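S.K.: Below is the sequence, then the predicted model.
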Amino acid sequence: MPTKTKLKLLTGLVFTAVIVYYSMGALKSLHPGMLFHADINWVLAVVSVAIFMYANYIRGLAYSRGIDRDMDKMTAFQIVGIGHAANMVLPFHVGEGLRAAFFPSDYSALRRTNLLVIPAFADFIAIMILSIPAVPFAGFEDQNLLRALWILTFLCIAVCILFVTLIFFVARLRSYVSDYLNFGTVKMMFWVLLSWVLLLVSTWFGLVAFGFQAVASLRMSLAVFAATNIINFIPATPGAIGLFEYGTILGLGGLGIDQTTALSASLLLHLIQYAALLPLGIFLYIKALHGQYGGALRNIWHTNRQKDTKMKEK
């Protein structure tokens with residue numbers, strides 16, 4: 001078996017072991033037992049989980065129906081789902097980098113980098129588009145978070161203007177990105193934005209499942225979405241444990257929700273994320289492992305069987 005294949009197999013085994021190790025520690029920190037003290041509609045919670053999963057599929061269409069029409073839907077789904085699942089159990093947003101390993105093998109390093117950076121930039125824009133309405137509607141009491149939201153808003157606008165200006169005046173940069181300045185990029189942005197809208201809807205279902213009124217939960221979901229995603233820009237703990245809860249408390253606190261209730265709601269929302277991403281990521285990883293390494297594993301098994309047969313004959 002080639003050394004390259006052996007390294008891939010070893011990397012896959014190590015990756016699996018690391019995920020299992022961090023998953024055990026991460027899930028213990030959630031203290032899900034607190035949730036059973038609240039009157040939760042678990043049917044709506046399951047709906048929230050399903051929407052969260054579907055949002056990852058839609059995010060994958062940003063590749064297969066957007067920026068990279070050569071990629072099939074399942075590969076795109078695997079890249080997105082495995083990356084997000086890895087982020088839930090590994091620190092420092094490591095999953096973003098791990099996605100590169102699941103691109104088709106014939107993709108060059110430059111192509112992989114472009115397909116990671118450009119959609120990530122689209123994610124940032126989509127988050128800011130959906131977070132801006134939280135400023136007039138949420139009524140944040142935490143001025144630091146409100147200031148950060150405004151800074152990121154103006155920063156996003158400034159970066160977009162600067163980027164367009166550089167493309168227009170710098171020929172080398174224009175040539176570098178020319179392959180992606182097309183209608184496919186517009187489609188990519190549509191699918192990215194739609195995926196984040198679905199995540200916002202999932203948050204709304206989670207808050208309604210917790211017991212908040214449906215209409216009031218619309219404003220709450222905007223506040224939680226803005227606060228948690230802005231704080232999640234900080235690459236830290238697996239699944240943003242602690243940071244997510246802090247962001248939810250800040251977002252709901254601006255609407256007069258006490259910290260104890262906000263903490264319980266944050267645990268439910270975080271549990272929904274884990275319930276959606278971990279099983280999905282494991283399923284997609286096993287499917288990717290079967291697709292990429294299944295032939296190599298079967299060859300190993302066949303080779304070992306032939307050796308055993310020869311040994312018995314001797």
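M.R.: That came through fine. Residues are numbered from 1 along each chain as shown.

S.K.: what about Ala214, how many neighbours?
M.R.: 10 (other C-beta atoms under 10 Å). Using the backbone N, CA and C atoms, a C-beta is placed for each residue, glycine as well.

S.K.: Next, the contact list for it, please.
M.R.: Ala214 sits next to Val208 when contact means C-beta atoms under 8 Å, 6 or more residues apart in numbering.

S.K.: Same question for Gly95.
M.R.: Listed by C-beta under 8 Å, 6+ apart, the contact partners of Gly95 are 82-88.

S.K.: and which of those residues is nearest to Leu155?
M.R.: Nearest to Leu155 among those is Asn87, at 22.8 Å by C-beta to C-beta.

S.K.: Would you enumerate the residues in contact with the closest one?
M.R.: Applying C-beta under 8 Å, 6+ apart to Asn87 gives the contacts 93-96, 238-239.

S.K.: Please flag which of these sit within helices.
M.R.: Cross-referencing these against helices under DSSP state H gives 94-96.

S.K.: got a markdown table for those residues, with pLDDT and distance to Leu267 too?
M.R.: Output for those, formatted as a markdown table (pLDDT from 0 to 100; distance: C-beta to C-beta, whole Å):
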| residue | pLDDT | distance to Leu267 |
| --- | --- | --- |
| Val94 | 80 | 24 |
| Gly95 | 84 | 22 |
| Glu96 | 84 | 25 |
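
S.K.: Adding distance to Asp106, write those out as a markdown table.
M.R.: Shown next, in a markdown table, are these (distance: C-beta to C-beta, whole Å):
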| residue | distance to Asp106 |
| --- | --- |
| Val94 | 25 |
| Gly95 | 23 |
| Glu96 | 22 |
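
S.K.: For the closest residue to Val201 other than its chain neighbours, what is the enclosing helix or strand?
M.R.: Setting aside the residues directly before and after it, Val201 is nearest to Ile51 in space (C-beta to C-beta, 6 or more residues apart in numbering), at 5.7 Å. Using DSSP states H and E, the element containing Ile51 is helix 42-62.

S.K.: Now that helix: buried residues?
M.R.: By 16 or more other C-beta atoms under 10 Å, the buried positions in helix 42-62 come out as 44-45, 47-49, 51-62.

S.K.: Can you classify Ile234 as helix, strand or coil?
M.R.: Following DSSP: H, G, I helix; E, B strand; the rest coil, the label given to Ile234 is coil.

S.K.: Also Asp106?
M.R.: Three-state assignment for Asp106 (three-state DSSP): coil.

S.K.: and which of the contacts of Asn87 is nearest to Val215?
M.R.: Nearest member of those to Val215, counting by C-beta to C-beta, is Gly239, at 29.7 Å.

S.K.: Leu269 is in contact with Ile249, correct?
M.R.: No - between Ile249 and Leu269 there is no contact under C-beta atoms under 8 Å: 11.4 Å.

S.K.: Go ahead and confirm Phe212 touches Leu218.
M.R.: No - the pair Phe212 / Leu218 is not scored as a contact, 9.8 Å apart, by C-beta under 8 Å.

S.K.: which of the two has more neighbours?
M.R.: The neighbour comparison of Phe212 against Leu218 (other C-beta under 10 Å) goes to Phe212, with 21 against 15.

S.K.: so who does the more buried one touch?
M.R.: Residues counted as contacts of Phe212 (C-beta under 8 Å, 6+ apart) are 220, 265.

S.K.: Distance of it relative to Asn114?
M.R.: Separation of Phe212 from Asn114 (C-beta to C-beta, to the nearest Å): 42 Å.

S.K.: Good, wrapping up.
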